[in-house]
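Undergrad: Build the 3D model from these lines:
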Amino acid sequence: MTPKGEHISVEFLIDERRSSASHALHQEPRYARIDATLRVVDPVQYLKRINDFDFDLVIQRFHFSTTPGVH
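TA: All right, here's what the predicted structure looks like:
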C-alpha cells in the first residue's frame, strides 16, 4: 500500500508458459503487500509490448557458457 492507503498492483509479462511456475513466488502478496498478476502472451505480442514500453515488469534470462570465449 502507498502512504495514502492505495493498493499497488503490478503485472509480470512473460512469453513462455513453462516459466510461469518460477514466477509464482513473486505473486505472493504477503511479501510486499503488492497485488501481482502474471500475463502470458505470445512472442510477437511480447516483443511489441516491450518495444512500446507497455509493461510493468519483465524478467530476462541470460545464458552464458562456463568456458570463456565459447558461445
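Undergrad: Isn't residue 38 up against residue 11?
TA: Yes - Residue 38 lies in contact with residue 11 (CB atoms under 8 Å); the separation is 7.5 Å. Quick note: C-beta positions are derived from backbone N, CA and C, even for glycine.
Undergrad: distance between the top helix by length along the chain and the chain's centre?
TA: When the chain is parsed with DSSP state H, its longest helix is helix 43-51. Relative to its chain's centre, helix 43-51 lies at 13 Å (CA atoms, centre = their mean, to the nearest Å).
Undergrad: what's the answer for stretch 59-71, then?
TA: Worked out by CA atoms, centre = their mean, stretch 59-71 lies 21 Å from the chain centre.
Undergrad: Distance-wise, check the closest residue to residue 45 other than its chain neighbours relative to residue 36.
TA: Computed as CB to CB, 6 or more residues apart in numbering, the closest residue to residue 45 that is not its neighbour in sequence is residue 15, at 7.9 Å. Here the criterion is CB to CB, to the nearest Å. By it, residue 15 lies 17 Å from residue 36.
Undergrad: The two: who's more crowded?
TA: residue 36 (20 against 17; other CB atoms under 10 Å).
Undergrad: Doesn't the more buried one lie inside a strand?
TA: Yes - counting by DSSP: H, G, I helix; E, B strand; the rest coil, residue 36 is located in a strand.
Undergrad: and it, what are its bridge partners?
TA: Note on residue 36: beta-bridge partners residue 10, judged by DSSP bridges.
Undergrad: picking up where we left off before, tell me which residues are up against the longest helix of the chain.
TA: With contact meaning CB atoms under 8 Å, 6 or more residues apart in numbering, helix 43-51 is reached by 13-15, 41, 54-55, 58.
Undergrad: Out of those, grab the one that's most surrounded.
TA: Top of the contacts of helix 43-51 by neighbour count (other CB under 10 Å): residue 13, with 20 neighbours.
Undergrad: Go ahead and list the helix or strand containing that residue.
TA: Secondary structure assignment for residue 13, by DSSP states H and E: strand 8-14.
Undergrad: picking up where we left off before, report the buried residues of the longest helix of the chain.
TA: Under the neighbour-count criterion of 16 or more other CB atoms under 10 Å, helix 43-51 has 46, 49 buried.
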